[in-house]
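Undergrad: test case, fold it:
(chains A and B)
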Amino acid sequence: MRPRAQTNATNPSSSSATKKVATREEWEKKLNEVKISKTDLNNLVMNYLVIEGYKDAAEKFSQECGLQPNIDFESIQDRMNIRNAIQNGNVEEAIERVNDLNPEILDTNPKLYFHLQQQRLIEYIRQGKTSEALEFAQDELAPRGEENPEFLEELERTMALLAFEDTSQSPVGYLLHPAQRQRTASELNAAILTSQSQDKDPKLPSLMKMLVWAQNQLDEKLSFPQIRNLATAELVEETTAVSNASASTSSNTSAASIISFSP
Amino acid sequence: MAWTKHEKAVSELDSLDPEVLVKALRFIKNNIIGNKTKKDLYIGFNIIPKLVSFVDMTTATETTNSAKTTALQGDIYTQVKIQAAIVLGSFAYGGEANVSKIVKNGGVKPLLDCIASTNDPKLIEAAARALKAIYTSPTADKNDIFQANHLHNLIILLNPAALNPKSDREKIASAHTAELAATIIARCCDTNDQQIQIANAGAFPALVRLLSCEYAKAQEAALDALAYLCRENTEFGREIVQTQSDLSKNPVKIMLELIRDNSPTMRLIAARCLTHLSRDNAIPEYTNDISLVVLPTLVKLLDEKGPVREEAPHVLAYLIRDNEELQKAACDADAVSKLAGIVTHVADEETSYYNATGDSDKLKEHALTALAAMSSLYDNGRKLVVDAKIIPHIVTAMSHKSYGVRSAACQLTKSLSRSVHILRTSLVDAGITGPLFKLLSDESTDVQTIACATFCNMVLEFSPMKRTILELGGIEKLVELVHSPDNNIRLNAIWGLKNLICHAESDIKDSVMKILTYQMLATLIDDPEIDVQEQALNLLRNLASSRETDIEEVFKGLGEEKLMNIVEKKLCWSNPQIIKQTLYIISNIASGNERHMQSIMTRSDILNNILAYMTHDMPDIRLVAVWCLNNLTWMKDKHLNTQDRVRRLRQLGFEEQVKKMANDEDLDVRERVKSAISQFSELS
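TA: Coordinates of the predicted model:
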């Protein structure tokens, strides 16, 4: 996003002092004039569920709205099993399953392979198996770190988890959050989709990002009720330019939380 | 102690129970995939021969003889084969050393036997994947695939429907198998002969059909294979363009759609395929698409990351080589600053940390090569390269650890040196002579060859580097290279010496000939390579030019008899370049003193040949032939000898012939003819 000051310098008429204002009433009226097809919305949700490998949710959703995904549920099953394995902390099972599906994936994606091994290390640490964790790091991860300096840095960060008795106090404590498993699972899911020539990015998150961007663009010219929390989609009227700046950041985080939405 | 589980798995490979085998193989597979250390560990246990024998064994599904074997057992043995093939494939992903071990242990043939379409689809997929990894290694021997009916089997697999997939899961798998088959084909057409065999097996229709399937990875592989099948092969380029399956559109149209795909990899591969077709001259009606779509796509791909960015400049260089229009278009698209950015940026990376993958070397090499291509013909391109301030980086690149980078840096210097202005200023200022001179002794003959070619431009009379090169021992070095068994090095070295004495002072000619020797010159004039002969004759021509004393030196050096024998013999050759250089030698000798002219006049074979060449198809040759006549009839004075010569030439029919040429189509020839006629008329 361009800094506001710069915009003012090039185009003084758009400064907040002279900005036009759209009231909530006017804005809602405008919004209601836009016709959105229910099928499009359903397709958007289905696209998200299929790509992210939420087979059960996709099946239920399909029954509810009578929509058929363009791929059968059986092939989503493979990816869902792999995702579930990681989300349950069973990385080894996920590796075995992906190797059964296509052994080329992990042989040709060193970064992904490293992240899976890193996740295994995190699971050892989570279970308090310190000696296993150390042995695993030395045998499996250290050689990868030697191959790539980037991996070495990540390995060091992960090992820092062991330095704190109470991991919630650790600066790298986030590695133990469910979001970390989610991240690893999504990376693996995307690699499988790519290997199968399927879209790896669901359309919904990029649409959300586009919404945030469009709101910010419009905000340079007009003061209007904005969606700041993408989960509730509540319209909030803006008061000052400063609060608007913080609104755009909070919108970004909401977009991220949508991406990791778990049914 | 941690290794005992691995040793246990290895010992289980000796089991007679197929269930145990499958379990052990799966354990090994899940350990080695993605893990180089574990691959090395297991290869160290020497399990490759065992794996090969598993893949090679005959299972119940393949033979009906062993009636007692139940279908169930057949399945489990197929499982053993599949898992063994996967493990071999994973080893092959570990690099060239692993591939050569698999090849040495005879792993290729059994894997090829597995790809027959009657086999279990999972076995076919596993074997094809291993073969792909093996053939991706540049050192792998490709002969086996052209034996038996392997090619035929491979081409059947290009059709994803061949394996009768039913569920989506099976459809994805068979599209993946088609992708693997296409990639194997792409890696196995290095030579013209291989291209022909693959084409004859029916690859084109199958690949063109695969181009319009709905799986991006399979489309990419099909494009890749088509690109390498028509590389430097005009006939196949045209054949591909004309290949149309019932369902699909014109293949070029499909490629032009794929080049607009969202995926950068797809865009790159489509651009490469169209580039190869364009270089084949197979798609002249798409010239606009090449300059308006393919070229800008390649330039934009320079902003990508990883393998795409690494390969894009390589394809770009190939596309614009020998085409000034496209070189200009690439410059207009701002390619020079992007490539200069890469060259500079990669240089920074090298000093910060060691990159083990070697990718940055290839990237740098390709960026320099693309810059060299962009400035090879287009003069403004040279200026842009200089303005991008990368000449110091070129100098540094000349001592790079990768020979590809050194060679590309030379190539770029060669392109730049074609501008006399840049040669005299930027290149001299950057102190390029010393580093370039070192490359004449490079361990790589490729680098030596191109360094030598670059030197050819730097030893010309107007070059400020000429003195430095002589002081560095340039003559000695070039003479040393003239003795090289490598044809290209010999050619470039004699070329350099030829340039060195072009319009040179007599003392430089003397010092060259002292080191080269006339004996060696005579040897080079009879070199097995016609191009070397041409340059050697050209050198002789340059030696005998400008001054009477220089001609005298050649007469002394070679001996009059030997010199005239050479000239007489070479004049009978059919190669026009040889004839041309020989005629120039005669013309130069004829510009000398009376004795020099007499040596020609006494050889009627030479005179008759000059006369004959006055009617040659090539204006170049007619021109030199008339030049010879001009010099032989030139009157410094009304000397009796001159009158004799003119009389003799007239008798031989020269005057009659030259008068017939008054309306020659070539302006230069007409000018020379005019002066020859007037010289004859002065002595009528």
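Undergrad: so where do the helices sit in the stretch 51-200 of chain A?
TA: Assigned by DSSP state H, counting those that start in this stretch, the stretch 51-200 of chain A shows helices spanning A:55-65, A:73-87, A:91-101, A:104-108, A:110-126, A:130-136, A:142-147, A:149-159, A:178-195.
Undergrad: in a markdown table: these, plus distance to chain B and mean pLDDT.
TA: C-betas here are computed from N, CA, C, even on glycine. Formatted as a markdown table, these follow (distance: least, Cβ to the nearest Cβ, whole Å; pLDDT from 0 to 100):
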| stretch | distance to chain B | mean pLDDT |
| --- | --- | --- |
| helix A:55-65 | 13 | 86 |
| helix A:73-87 | 4 | 89 |
| helix A:91-101 | 5 | 96 |
| helix A:104-108 | 4 | 94 |
| helix A:110-126 | 4 | 95 |
| helix A:130-136 | 7 | 93 |
| helix A:142-147 | 5 | 86 |
| helix A:149-159 | 6 | 90 |
| helix A:178-195 | 7 | 94 |
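Undergrad: what would the ones you listed look like in JSON lines with mean neighbour count?
TA: Formatted as JSON lines, the helices of the stretch 51-200 of chain A follow (neighbours: other Cβ atoms under 10 Å in any protein chain shown):
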{"stretch": "helix A:55-65", "mean neighbour count": "16"}
{"stretch": "helix A:73-87", "mean neighbour count": "19"}
{"stretch": "helix A:91-101", "mean neighbour count": "20"}
{"stretch": "helix A:104-108", "mean neighbour count": "21"}
{"stretch": "helix A:110-126", "mean neighbour count": "21"}
{"stretch": "helix A:130-136", "mean neighbour count": "15"}
{"stretch": "helix A:142-147", "mean neighbour count": "16"}
{"stretch": "helix A:149-159", "mean neighbour count": "15"}
{"stretch": "helix A:178-195", "mean neighbour count": "19"}
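Undergrad: same list (those helices) but as JSON lines, adding distance to residue B:620.
TA: Formatted as JSON lines, the helices of the stretch 51-200 of chain A follow (distance: least, Cβ to Cβ, whole Å):
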{"stretch": "helix A:55-65", "distance to residue B:620": "76"}
{"stretch": "helix A:73-87", "distance to residue B:620": "69"}
{"stretch": "helix A:91-101", "distance to residue B:620": "67"}
{"stretch": "helix A:104-108", "distance to residue B:620": "56"}
{"stretch": "helix A:110-126", "distance to residue B:620": "59"}
{"stretch": "helix A:130-136", "distance to residue B:620": "76"}
{"stretch": "helix A:142-147", "distance to residue B:620": "60"}
{"stretch": "helix A:149-159", "distance to residue B:620": "61"}
{"stretch": "helix A:178-195", "distance to residue B:620": "59"}
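Undergrad: show me what from the stretch 51-200 of chain B comes close to chain A.
TA: B:86, B:89, B:90, B:93, B:126, B:129, B:167, B:168, B:169, B:172, B:175, B:176 (Cβ under 8 Å from any Cβ of the partner chain).
Undergrad: tell me who's in contact with the nearest residue to the fourth one once chain neighbours are set aside.
TA: Among residues not flanking residue B:93 along the chain, residue A:107 sits closest, at 4.2 Å (Cβ to Cβ, 6 or more residues apart in numbering or on different chains). In this structure, residue A:107 makes contact with B:33, B:34, B:89, B:90, B:93, judged by Cβ atoms under 8 Å, 6 or more residues apart in numbering or on different chains.
Undergrad: buried ones among the residues of the stretch 51-200 of chain B next to chain A?
TA: Listed as buried from these are B:86, B:89, B:90, B:93, B:126, B:129, B:168, B:169, B:172, B:175, B:176; burial here means 16 or more other Cβ atoms under 10 Å in any protein chain shown.
Undergrad: I'd say the fourth one and residue B:133 touch.
TA: In this case it means residue B:93. Yes: in this structure residue B:93 lies within contact range of residue B:133 using Cβ atoms under 8 Å: 5.0 Å.
Undergrad: so where is the stretch 551-684 of chain B shaky, pLDDT-wise?
TA: Residue ranges of the stretch 551-684 of chain B with pLDDT under 70: B:636-638, B:684.
Undergrad: residue ranges of the helices in it, please?
TA: Residue ranges of the helices in the stretch 551-684 of chain B, as given by DSSP H, counting those that start in this stretch, are B:560-570, B:576-590, B:594-601, B:604-613, B:619-633, B:640-652, B:654-660, B:667-681.
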